[in-house]
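Visitor: Take a look and give me a structure for this.
(one chain, ligands or ions: 3)
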Amino acid sequence: MAEKDVIIGLEVHVQLNKLNSKLFCGCSTKYHDAPPNTHTCPVCLGLPGTLPVLNRRAVEYAIRVALALKCDIQGETLFYRKNYYYPDLPKAFQITQYDFPVGLGGKILIKGEDGEEKTIRITRVHMEEDPGRLVHAGTIDRAKYSMVDYNRCGMSLLEVVTEPDLRSPKEARSFLDKLRNILEYLDVFDGDLEGAMRIDSNISLVGGERAEVKNISSHKGVEKALAYEITRQRSARRRGVAQVQETRHYDELRGITVTIRTKEEAHDYRYFPEPDLVPMRIADWVPRVEAELPELPDAKRERFVSDYAIADDHAKSLTSEIRVANFYEDVAKRATPRLTAVWIADVLKGELNYRDVTIDRFRVDDMVEILDMIEKGTITEKGAVEVIRTILDHLGDPSEVDPAGVVEAKGLARAEDDAVKEAVRAAVKECSQAVADYRSGNEKAINFIVGMVMKKTRGRADPGEANRLVKEELERTGRA
Ligand SMILES: Nc1ncnc2c1ncn2[C@@H]1O[C@H](COP(=O)(O)OP(=O)(O)OP(=O)(O)O)[C@@H](O)[C@H]1O
Ligand SMILES: [Mg+2]
Ligand SMILES: [Mg+2]
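Guide: Ligands and ions are numbered 1, 2, ... in the order given. I've put the predicted structure just below:
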């Protein structure tokens, strides 16, 4: 439900984890399976006397994202020091942007609560370095001690800040899904890696101060934390307790948020320009980066509708993930595009979701073969679903299955026409009561006869076709 009194704005930290090296040093970004503190060097550990060297590719990726989010790219961009003391950042300041971020004033289209397309404005996109990761012994508010892992320290981060345009937890989630989708299209980001996206959610009720729920890493977590906050803030208001500007933590296990600090305790970060990095004229880079921008989800969706003459809903579903979109096009080139759209969007995606399997585990060749069998009438639609399910259920087995093999092994080949006709004749003879009912005007009685045909052919007849044949047979025998 769109909530008129709810105001939400997000700050999304996106790790540019497809880069090979960190933002200011040559350390590898592939630390996810490595032991703690093995991907570090004097620069990302912030040892005295070291100097940052900017990763050009990171700047290029940042411009790519800012352009895709329709931001104005700033002519010159500058880094600042944000000073704070916390063990996740050994040099006691974070190199980030403040004035002159890479991009200002963009937008993302999402599906709003009312089902209509809705524009969420992007305030800015800026670059910064990721701090290290604290691992708390127990929960953050009660831990006896914490351990620190600097593998993540110095990774390239983007912060994408929205205007407070979101009106419900669900809209916040659609925004995050859409953002992730765009980032994956841009090939700068792998959302499956741990810590790839971390979100600060700001939420207030009209006329009240905002609470900022820090550092949630799943979209579902954000949705739940925001729902909890709405209830909490409303109930406080009813009791006459005013919301103060504060930072809160979401306790995922307990499903609640707890206060961490209020505005009075807020840090003064003493931002000042980073003296070890010069301002960059990025305006000159823009034409080249723009020319290399790939097709984005909204554009792909429009093209799918016009190139393949498929329904907009199908196009939307197929483009909501780059891997699905690519799979669709690979199959559609070799099969009927409309039929392909229906089977991928309405059937395959559901079966994959149910099993939590990604589409690249399914073979393009297999999908083409299944669609071919449907079109030639070799299998029924029901049989095709069975084939898809069986293939998915045997992923990773030593003896993987293929469509023809499943059809053979499960006897899914559609019954020969003669066999169906034979079954129809027999069914009409046997179901004399249903036949009499049908003839006296009860049209639904035909379903019983069709059911008998399906039973006799062990489900290998096409139900529509069986229905047509039963009617023909009833007419023929009625005339006699
Ligand atoms: N009344 C409000 N209710 C909910 N969200 C708000 C409200 N006013 C602003 N916001 C949101 O709060 C966020 C402010 O983020 P911003 O990065 O500009 O500042 P910050 O949170 O003060 O700084 P920091 O980066 O240190 O957390 C934006 O996403 C904005 O949309
Ligand atoms: Mg911020
Ligand atoms: Mg903030």
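Visitor: Can you tell me which residues in the stretch 51-200 of the chain are near ligand 3?
Guide: D200 (CB under 5 Å from the ion). Bear in mind the C-beta positions are built from the backbone N, C-alpha and C, glycine included.
Visitor: Could I get the full set of helices for the stretch 51-200 of the chain?
Guide: Using DSSP state H, counting those that start in this stretch, the helices of the stretch 51-200 of the chain run over 56-68, 169-185.
Visitor: In TSV: these, plus mean neighbour count and mean pLDDT.
Guide: As requested, the helices of the stretch 51-200 of the chain are exported to TSV (neighbours: other CB atoms under 10 Å; pLDDT from 0 to 100):
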stretch	mean neighbour count	mean pLDDT
helix 56-68	21	98
helix 169-185	21	96
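Visitor: Report the rounded mean pLDDT for the helix or strand hosting T231.
Guide: Here T231 is covered by helix 219-238, with elements defined by DSSP states H and E. Mean pLDDT, computed over helix 219-238, is 97.
Visitor: helices and strands around it, which ones?
Guide: Packing partners of helix 219-238 (3 or more CB pairs under 8 Å, 6 or more residues apart in numbering; DSSP states H and E): strand 6-15, helix 169-185, strand 197-205, strand 211-216, strand 246-251, strand 256-262.
Visitor: could the ones you listed go into CSV alongside distance to ligand 1?
Guide: Below are these laid out as CSV (distance: least, CB to the nearest ligand atom, whole Å):
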stretch, distance to ligand 1
strand 6-15, 2
helix 169-185, 11
strand 197-205, 3
strand 211-216, 6
strand 246-251, 8
strand 256-262, 12
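Visitor: Can you lay out those as a markdown table showing distance to P42?
Guide: Formatted as a markdown table, the helices and strands packed on helix 219-238 follow (distance: least, CB to CB, whole Å):
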| stretch | distance to P42 |
| --- | --- |
| strand 6-15 | 22 |
| helix 169-185 | 31 |
| strand 197-205 | 26 |
| strand 211-216 | 27 |
| strand 246-251 | 32 |
| strand 256-262 | 32 |
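Visitor: Please identify the nearest residue in space to C25, excluding sequence neighbours.
Guide: V43 (3.7 Å; CB to CB, 6 or more residues apart in numbering).
Visitor: List the residues that contact that neighbour.
Guide: F24, C25, C27, T50, L51, P52, V53, G154 (CB atoms under 8 Å, 6 or more residues apart in numbering).
Visitor: Narrow those residues to just the buried residues.
Guide: Among the contacts of V43, those classed as buried by 16 or more other CB atoms under 10 Å are F24, C25, C27, T50, P52, G154.
Visitor: send the alpha carbons of the longest strand seen in the chain over as PDB?
Guide: Once the chain is assigned using DSSP state E, the strand that runs over the most residues is strand 117-129. Extracted in PDB, the C-alpha atoms of strand 117-129 (Å, rounded to 0.1, in the frame of the first residue of the first chain):
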ATOM      1  CA  GLU A 117       5.800   3.700 -13.700                       C
ATOM      2  CA  LYS A 118       7.400   6.100 -11.200                       C
ATOM      3  CA  THR A 119      10.600   8.200 -11.200                       C
ATOM      4  CA  ILE A 120      12.900   8.100  -8.300                       C
ATOM      5  CA  ARG A 121      15.400  11.000  -8.400                       C
ATOM      6  CA  ILE A 122      19.100  10.300  -7.800                       C
ATOM      7  CA  THR A 123      20.700  13.100  -5.800                       C
ATOM      8  CA  ARG A 124      24.300  12.100  -6.500                       C
ATOM      9  CA  VAL A 125      26.700   9.300  -7.300                       C
ATOM     10  CA  HIS A 126      30.100   9.500  -5.700                       C
ATOM     11  CA  MET A 127      33.300   7.400  -5.400                       C
ATOM     12  CA  GLU A 128      34.900   6.300  -2.200                       C
ATOM     13  CA  GLU A 129      37.100   3.600  -0.700                       C
END
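Visitor: Now do that strand against helix 169-185, angle only.
Guide: Interaxial angle, strand 117-129 versus helix 169-185 (axes from the mean of the first three to the mean of the last three CA atoms, to 10 degrees): 60 degrees.
Visitor: could you say what helices and strands strand 117-129 packs with?
Guide: helix 56-68, strand 93-96, strand 103-111, strand 156-162, helix 169-185.
Visitor: Mind doing that once more with 10 Å?
Guide: Other elements packing on strand 117-129 under the criterion 3 or more CB pairs under 10 Å, 6 or more residues apart in numbering; DSSP states H and E are strand 6-15, helix 56-68, strand 80-83, strand 93-96, strand 103-111, strand 156-162, helix 169-185.
Visitor: Indicate each strand paired with that strand and its parallel or antiparallel sense.
Guide: strand 103-111 (antiparallel), strand 156-162 (antiparallel) (DSSP bridges).
Visitor: Mean neighbour count, those: which tops it?
Guide: Each of these was scored by mean neighbour count; the highest is strand 156-162, a mean of 23, by mean count of other CB atoms under 10 Å.
Visitor: and that one, does that touch ligand 1?
Guide: Yes. Strand 156-162 reaches ligand 1 (CB under 6 Å from any ligand atom) through V161, T162.
Visitor: Check the offset of that strand from the chain's centre.
Guide: In terms of CA atoms, centre = their mean, to the nearest Å, the centre of strand 156-162 is found 18 Å from the chain centre.
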